[in-house]
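>>> here is a sequence together with a model predicted from it:
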Amino acid sequence: MNPGALTRFRIAAYVVGVGLLALVLVAMPMKYLGDDPRLVQIIGPVHGALYAIYLLFTFDLAMKSKWPMGRTILLLIAGTIPFVSFVAERKVVKEARQREAAAA
């Protein structure tokens, strides 16, 4: 597995995960419970841009790792469901470390 691609994926997964949690746990309740849409108007587009970067980095890692299309699609979707990008990142890193240890 390409170390640079893996690092980019890891950073993107965490950043997108935190951004999505901020959107879902802070901004959306403020909009719907507090009648204040300002945070959604800020965090929403930022998360969207960061998610686009996550898609690029995930796809790059998938191509370099020669993952099957199904796995790639699942990882691409992981940035849209709260907490799932964190789980996906851990699973990918665990697999990368196992492959590295097996190759040594």
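Alright, I've got the coordinates. Numbering: from 1, shown residues only.
>>> the most centrally placed residue in the chain: which element?
In the chain, the residue lying closest to the centroid (CA atoms, centre = their mean) is A13, at 3.0 Å. Take DSSP states H and E as the rule and A13 turns out to sit in helix 3-22.
>>> what does that helix rub up against?
Contact with helix 3-22 is made by 43, 46-47, 50-51, 53-54, 57-58, 60-61, 64-65, 78-86, 88-89, 92-93, 96, as judged by CB atoms under 8 Å, 6 or more residues apart in numbering. Where you see a C-beta, it was placed from the backbone N, CA and C, and this is true even at glycine.
>>> let's see it at 7 Å
43, 46-47, 50-51, 53-54, 57-58, 60-61, 64, 79, 82-83, 85-86, 88-89, 92-93, 96 (CB atoms under 7 Å, 6 or more residues apart in numbering).
>>> picking up where we left off before, quick check, pLDDT for the residue nearest to the centre of the chain.
The predicted structure scores A13 at 96 on the pLDDT scale.
>>> so who does L61 touch?
L61 sits next to A5, L6, F9 when contact means CB under 7 Å, 6+ apart.
>>> in whichever strand or helix holds it, what counts as buried?
Take DSSP H and E as the rule and L61 turns out to sit in helix 38-65. Of the residues in helix 38-65, 39-40, 43-44, 47, 50-51, 54-55, 57-62, 65 count as buried by neighbour count, 16 or more other CB atoms under 10 Å.
>>> now for the helix or strand of the chain with the lowest mean pLDDT, which elements pack on it?
One helix or strand of the chain scores below all others by mean pLDDT, DSSP states H and E: helix 84-103, with a mean of 91. The elements that helix 84-103 packs onto, with contact taken as 3 or more CB pairs under 7 Å, 6 or more residues apart in numbering; DSSP states H and E, are helix 3-22.
>>> quick one: distance of the helix it packs on to the chain centre.
Its chain's average C-alpha position is 5 Å from that of helix 3-22, according to CA atoms, centre = their mean, to the nearest Å.
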